[in-house]
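In: turn this into a model:
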Amino acid sequence: MVSVSLLVQHNSTSSKYLTLLLIMVTVIDLSMKLVQHSLLFTNGLDWVDSVMAGWMTFHIIVTMVTYFMFPKITKAIPGSLAGIIVSTSLEWALIRPLGYNTNTVSDLASVEGSFPNIVFLDSTYGYKDMMPPFSMQLLGEIAPTAITAAAIGLLESLLTLQIIDELTNTKGNSNREAFGQGLGQFLSGLFGGMGGCTTIGQSLMNIHSGGYTRLSSSVAAIFMLIIILAAYPLINRIPVASLAGVMFLVTYFTIEWESGVVVLGSLLPLKLRTKFGLYTKVKRSDVMIMLLVVAVTLIFDLAIAVAVGIVVACLVFSWDAGTRLKVDRALSESDDKVFYTVKGPIFFGSITPFLSLFPDPKDDPKNVTVLLEHAEVYDWSGMVAIKRLHERFENNGCEVQFQSLTVSSHKLMIKGEHLWEGVNIYKDAPLDFEEDPLVHSHLHVESFDPKNPSGVDN
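Out: Next comes the predicted model:
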């Protein structure tokens, strides 16, 4: 209604007012969303005042400085733990005696707990009566959420495993990791706990603190149990800002800061990259896929984001591979034969450029040889493209042969040999592809007779 009145009153400059109006609406909408997300991040609690915010900033700085400086004194205690101890000591020995305070763990939620019981047998908290009876309808309701949670947890765990392998120069077992995580999820659900997965932040902090073996993760789990059952009074006194300082450190070590320069260099044109000295870049399509995955993760979840990223990456790869096909043409000394050497993948994404790279057969000699030693036939579309090329030459009175096909492409075409009747692809092939372990995909078959694909004389 406001926009209509503005446009009526200022008809001559309606576009200007409409633009300003849209900008105002956008600013108001973003402000409301910011307030909404702020309430979400604070769990509905009030924002802290400026004095407490200042002391919390002090805690964060102390924790981070202690983390970097303490290992120079001794490495017996991890820097992150030393930072928490120093920050907690300052909270109770300095800040509170001065009449100030910051939020501690107990102000938000206590970590006190008790040893769990099997939910199906537990009667203390009424879990036994709360459990719904099993049915196919119940399975259908929980299956989508379970699959999504399992996919996200497995993706993050395998990503963490890859990062840790790079940092420690070791090779982890992804199957063991997946089995262990699945077993842990099962036991957690059995005792009424909440499922989880490997965390990149905690793992990186563990590595930077010197925990390189499996014992470190076991010790972490044992101490977590001790904290929940017995040591929770001490944990409840830790300032939350100190833990925030540790998370800042986790973020610092998690981010590949060099990637920001690479992304910036990929988005800028060559002239600006040269001006600012940004010579390192990657393909823009890779950057766009990365940003797309981040955006989809923020809007939906990691599982959907990874699926979208894989699909887009496959499409980009197919497009790029289809444009890398090359055909070289050469004539014999007598000019009565023509040789075409095909280089690159022949599949559904490259059949159009593959066929377009061959000139009009009317202008060629009638004896044609197509060499495929540097090419690879990957799918049905690639095989059909070869058949169509053969028919194009044959319809123009040419005699064409296809030579030097790779073993893997040869095997693929043998399986559909009835489609190639009349197509002159090779004449003998005394190789046993199924039984001979010495026949590899990089070898080439010099000839193939479609009427005798095995190459064995009858």
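In: okay, and for the stretch 301-450 of the chain, where does confidence drop off?
Out: Low-confidence segments of the stretch 301-450 of the chain, defined by pLDDT under 70: 416-450.
In: where along it do the helices fall?
Out: Along the stretch 301-450 of the chain, the segments classed as helices by DSSP state H, counting those that start in this stretch run 302-322, 351-356, 380-395, 407-415.
In: what are the buried residues along the helix or strand Gly153 falls within?
Out: If you go by DSSP states H and E, Gly153 is part of helix 136-168. Buried positions in helix 136-168, judged by neighbour count with 16 or more other C-beta atoms under 10 Å: 149-154, 156-158, 160-161, 163-164. Every C-beta, even on glycine, is put in place using the N, C-alpha and C of the backbone.
In: now, among these, which is nearest to Arg329?
Out: Nearest to Arg329 among those is Leu158, at 47.2 Å by C-beta to C-beta.
In: who are the contact partners of the residue sitting nearest the centre point of the chain?
Out: The chain has Val306 as the residue nearest its centroid, 5.3 Å off, counting by C-alpha atoms, centre = their mean. By C-beta atoms under 8 Å, 6 or more residues apart in numbering, the residues touching Val306 are Ala151, Leu155, Val293.
In: closest to Tyr232 among these?
Out: Closest to Tyr232, out of all of these and judged by C-beta to C-beta, is Leu155, at 32.1 Å.
In: for that closest one, list the residues it contacts.
Out: Neighbours of Leu155 in contact, by C-beta under 8 Å, 6+ apart: Leu302, Ala303, Val306.
In: the domain parsing of the protein - what is it?
Out: Per the record, the chain has its domains at 2-41, 257-321, 325-445, by automatic domain parsing.
In: out of the buried residues of helix 136-168, what pair is the most spread apart?
Out: Of all pairs drawn from the buried residues of helix 136-168, the widest gap by C-beta to C-beta lies between Ala149 and Ile164 and measures 22.3 Å.
In: what distance do you get for the spatially closest residue to Ser209 that is not a sequence neighbour to Ile227?
Out: Closest residue to Ser209 apart from its sequence neighbours, by C-beta to C-beta, 6 or more residues apart in numbering: Pro78 at 3.5 Å. Per C-beta to C-beta, to the nearest Å, Pro78 is found 16 Å from Ile227.
In: the two: which has the busier surroundings?
Out: Between Pro78 and Ile227, Pro78 has the larger neighbour count (other C-beta atoms under 10 Å), namely 18 against 15.
In: starting at the chain centroid, how far to stretch 148-161?
Out: Its chain's average C-alpha position is 10 Å from that of stretch 148-161, according to C-alpha atoms, centre = their mean, to the nearest Å.
In: and that stretch, what's its mean pLDDT?
Out: The average pLDDT for stretch 148-161 rounds to 85.
In: just checking, what packs against the strand or helix carrying Leu225?
Out: Counting by DSSP H and E, the element that carries Leu225 is helix 214-226. For helix 214-226, the elements it packs on are helix 200-208, judged by 3 or more C-beta pairs under 8 Å, 6 or more residues apart in numbering; DSSP states H and E.
In: re earlier: got the buried residues of helix 136-168 as CSV, with distance to Lys411 columns?
Out: Below are the buried residues of helix 136-168 laid out as CSV (distance: C-beta to C-beta, whole Å):
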residue, distance to Lys411
Ala149, 41
Ala150, 37
Ala151, 34
Ile152, 39
Gly153, 39
Leu154, 34
Glu156, 39
Ser157, 37
Leu158, 32
Thr160, 39
Leu161, 35
Ile163, 38
Ile164, 39
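In: what is the neighbour count of Leu243?
Out: Neighbourhood size, Leu243 [other C-beta under 10 Å]: 20.
In: next, the buried residues of the particular helix or strand that has it in it.
Out: Secondary structure assignment for Leu243, by DSSP H and E: helix 240-254. For helix 240-254, burial by neighbour count (16+ other C-beta under 10 Å) applies to Val240, Ala241, Ser242, Leu243, Ala244, Gly245, Val246, Leu249, Val250.
In: can these go into CSV with extra columns for pLDDT and distance to Tyr232?
Out: Below are the buried residues of helix 240-254 laid out as CSV (pLDDT from 0 to 100; distance: C-beta to C-beta, whole Å):
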residue, pLDDT, distance to Tyr232
Val240, 91, 15
Ala241, 92, 19
Ser242, 92, 16
Leu243, 90, 15
Ala244, 91, 20
Gly245, 90, 21
Val246, 88, 18
Leu249, 86, 24
Val250, 81, 23
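In: of those residues, closest to Ser404?
Out: Val250 (55.1 Å).
In: from Glu91, how far off is the residue of the chain most remote from its centre?
Out: Distance from the C-alpha centroid of the chain peaks at Ser334, with 56.1 Å (C-alpha atoms, centre = their mean). To Glu91, Ser334 is 94 Å away according to C-beta to C-beta.
In: go on, Ala221?
Out: 28 Å.
In: neighbour count winner among these two?
Out: Taking neighbours as other C-beta under 10 Å, Ala221 and Glu91 compare with Glu91 leading, 23 against 11.
In: surely the more buried one touches Leu243?
Out: No. Using C-beta atoms under 8 Å, Glu91 makes no contact with Leu243, being 12.0 Å away.
In: re earlier: phi and psi next, for the residue nearest to Ser209.
Out: Main-chain torsions, Pro78, degrees, to the nearest 10: phi -60, psi 150.
In: hmm, it is touching Ser216, no?
Out: No. Using C-beta under 8 Å, Pro78 is not in contact with Ser216, being 10.4 Å away.
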